[in-house]
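K.L.:
sharing a model prediction with you, sequence too.
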Amino acid sequence: MKKFNFIVIAVCILLLFGVTNAFGQSVTVMAVWTGAEADAFLKMVEPFEKETGIKVEFTGTRDLPAILTTRVEAGNPPDVSVMPNPGQMQEFARDGKLIDLSTFMNMDALKSDYSDAWLELGSYQGKIYSIFISADLKSLVWYNPKAFAAAGYTIPTTWDELMTLSDKMIADGHTPWAIGLESGAASGWPGTDWIEDIMLRIAPPETYDAWVEHKIAWTNEVVKEAFEIFGGIARSDKYVYGGPNAVLTIPFGDSPDALFTEPPKAYMHRQATFIKSFIEEHFPNLVAGKDFDFFPFPPIKKEFGNPALGAADMLSMFNDTPEARAFMKYIASAPAQEIWVGELGKLAPNQKVNPSVYPDDITRKAAQFLGEASVFRFDGSDLMPAAVGSGSFWTGIMDYVSGESLQNVLLQIETSALDAYRQ
């Protein structure tokens, strides 16, 4: 009788994921994940393999964009792959390489589990081609609650309040901001996140999209304004710890250390959720939510609200097989994402994920902010051609902070963009 019940349960699970006679079958998955991320992925798929009998054949590579493109062009893509970014997903969809997920997934369930922002980001020309399983939120300002309390500082909710607080800190003999742009060959990227967050707060999201797609020039007044707002902080000896020279040379992962010295060398640090792991590694005795916390990067122009900027893990399907269909349904589910984000401390786009899976209150708070955001935009530099997004934009940030004129910096980036977007 027990054996019969097990068979019945197994068959029900197979039917739930749309798979029959699956035992002995497999689905190939390619992603950028290695190390701890690969381990977390394998743990996430364990229940799927056990319940369906489908073997997940996983390949992790840091050279995903090149390898994936080569395999697709050769007519030998994996069944499912992580997309490097929405831009490449759209390119594959435009070329007819991806499977429209709405042909087999329950769209009513997806709309219940995901906000419109996530479904829109995973779509191309009205069809959905990607499922998001996790995200890193970038629109955060980290601070030391005890240092704030000791100095009598309160959390700002608008840009004017933020700058008033910064000026109050200076008047008190303190330095408001810690910024580090050094990241080896990738130096400058933390500054691009500042520009992107500011862009989303001084113009409509459509303007941000047009900028990313180079439908407006880098010399456009909105882009110029975003750089000037960033430069007002990063190029100031008073606003940033160590002045511009320190901004250029401090490794990004070491930058928030300034918040936890005695007395603090700085009081605020703008960075993504992943900086939490750096803080905990450098200061293992600090308690999240008590010794360090964050507040949302505040609105600048009220009419554009408080959008969320970030990066995310998105998967698309190249081969339409029963096993691939079952896998895509599984990774879209709350139980799958609860395992994934619980292992990595990332945030789940699926709104049905139980908040208890997050390791602490500040991660739960970040997940709530992400889930409630009316506008979410992917990291702009990740969507641009490499010659710009991870080239002239990065170096332009470094040149600008080092003192080069904004006009020259923007003209240099624009020149590279004119060539890159023609490719």
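P.N.:
Structure received.
K.L.:
how is this structure partitioned into domains?
P.N.:
17-136+311-378, 140-306+384-420 (automatic domain parsing).
K.L.:
out of these, which gets the lowest mean score?
P.N.:
With a mean of 91, domain 17-136+311-378 has the lowest mean pLDDT of the domains of the chain.
K.L.:
count of neighbours near residue 382?
P.N.:
A count of nearby residues for residue 382, using other C-beta atoms under 10 Å, gives 20. In short, each C-beta sits where N, CA and C put it, glycine included.
K.L.:
same for the helix or strand where it lies, what does it pack against?
P.N.:
Secondary structure assigned from DSSP states H and E places residue 382 in helix 380-383. Contact analysis of helix 380-383 by 3 or more C-beta pairs under 8 Å, 6 or more residues apart in numbering; DSSP states H and E lists helix 86-94, helix 189-202, helix 205-212 as its packing neighbours.
K.L.:
how far away from the center of its chain is that helix?
P.N.:
Here helix 380-383 shows a centroid-to-chain-centroid distance of 11 Å under the convention C-alpha atoms, centre = their mean, to the nearest Å.
K.L.:
that older thread, would you turn the domains of the chain into a markdown table with mean neighbour count?
P.N.:
Shown next, in a markdown table, are the domains of the chain (neighbours: other C-beta atoms under 10 Å):
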| stretch | mean neighbour count |
| --- | --- |
| domain 17-136+311-378 | 18 |
| domain 140-306+384-420 | 18 |
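K.L.:
give the rounded mean pLDDT of the helix holding residue 382.
P.N.:
Per-residue scores along helix 380-383 average to 89.
K.L.:
show me the contact partners of it.
P.N.:
For helix 380-383, contacts defined as C-beta atoms under 8 Å, 6 or more residues apart in numbering pick out 84-87, 189, 192, 195-196, 199, 208, 211-212, 311, 388-390, 393-394.
K.L.:
let's see 7 Å
P.N.:
When contacts are defined by C-beta atoms under 7 Å, 6 or more residues apart in numbering, helix 380-383 is touched by residues 85-87, 189, 192, 196, 208, 211-212, 311, 389-390, 393.
K.L.:
tell me which of the residues you listed is nearest to residue 43?
P.N.:
Taking C-beta to C-beta as the measure, residue 311 is the one of those closest to residue 43, at 21.6 Å.
K.L.:
what angle do the helix or strand hosting the closest one and helix 205-212 make?
P.N.:
Of the helices and strands defined by DSSP H and E, residue 311 is found in strand 308-317. Orientation of strand 308-317 against helix 205-212 (axes from the mean of the first three to the mean of the last three C-alpha atoms, to 10 degrees) gives an angle of 70 degrees.
K.L.:
now the angle from strand 308-317 to helix 86-94?
P.N.:
In terms of direction (the same axes, to 10 degrees), strand 308-317 departs from helix 86-94 by 30 degrees.
K.L.:
and the helix or strand following strand 308-317, what does it pack onto?
P.N.:
Tracing the chain past strand 308-317, the next element assigned as helix or strand by DSSP H and E is helix 322-331. Helices and strands in packing contact with helix 322-331 are listed as strand 26-31, helix 35-52, strand 80-83, strand 130-137, strand 308-317; criterion 3 or more C-beta pairs under 7 Å, 6 or more residues apart in numbering; DSSP states H and E.
K.L.:
same thing but at 10 Å, please
P.N.:
Helices and strands in packing contact with helix 322-331 are listed as helix 2-16, strand 26-31, helix 35-52, strand 55-60, strand 80-83, strand 130-137, strand 308-317, helix 334-344; criterion 3 or more C-beta pairs under 10 Å, 6 or more residues apart in numbering; DSSP states H and E.
K.L.:
so for residue 263, which of these sits nearest?
P.N.:
Using C-beta to C-beta as the criterion, the shortest distance between residue 263 and those is 29.2 Å, found for strand 130-137.
K.L.:
which ones are touching the nearest residue to residue 340 once chain neighbours are set aside?
P.N.:
Distances taken as C-beta to C-beta, 6 or more residues apart in numbering put residue 44 closest to residue 340, at 4.7 Å, once the chain neighbours are dropped. Remark: with contacts taken as C-beta atoms under 10 Å, 6 or more residues apart in numbering, residue 44 is in contact with 56, 133, 330-331, 335-344.
K.L.:
output those as JSON lines; include the columns distance to residue 70.
P.N.:
Formatted as JSON lines, the entries for those read as follows, by distance: C-beta to C-beta, whole Å:
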{"residue": "56", "distance to residue 70": "22"}
{"residue": "133", "distance to residue 70": "24"}
{"residue": "330", "distance to residue 70": "28"}
{"residue": "331", "distance to residue 70": "24"}
{"residue": "335", "distance to residue 70": "34"}
{"residue": "336", "distance to residue 70": "29"}
{"residue": "337", "distance to residue 70": "30"}
{"residue": "338", "distance to residue 70": "34"}
{"residue": "339", "distance to residue 70": "31"}
{"residue": "340", "distance to residue 70": "27"}
{"residue": "341", "distance to residue 70": "31"}
{"residue": "342", "distance to residue 70": "34"}
{"residue": "343", "distance to residue 70": "30"}
{"residue": "344", "distance to residue 70": "28"}
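K.L.:
OK, contacts around residue 115?
P.N.:
121, 349-351, 370-374, 376.
K.L.:
how about the helices and strands packed on helix 322-331 in JSON lines, adding distance to residue 73?
P.N.:
Putting the helices and strands packed on helix 322-331 into JSON lines (distance: least, C-beta to C-beta, whole Å) gives the following:
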{"stretch": "helix 2-16", "distance to residue 73": "34"}
{"stretch": "strand 26-31", "distance to residue 73": "14"}
{"stretch": "helix 35-52", "distance to residue 73": "25"}
{"stretch": "strand 55-60", "distance to residue 73": "17"}
{"stretch": "strand 80-83", "distance to residue 73": "14"}
{"stretch": "strand 130-137", "distance to residue 73": "20"}
{"stretch": "strand 308-317", "distance to residue 73": "16"}
{"stretch": "helix 334-344", "distance to residue 73": "30"}
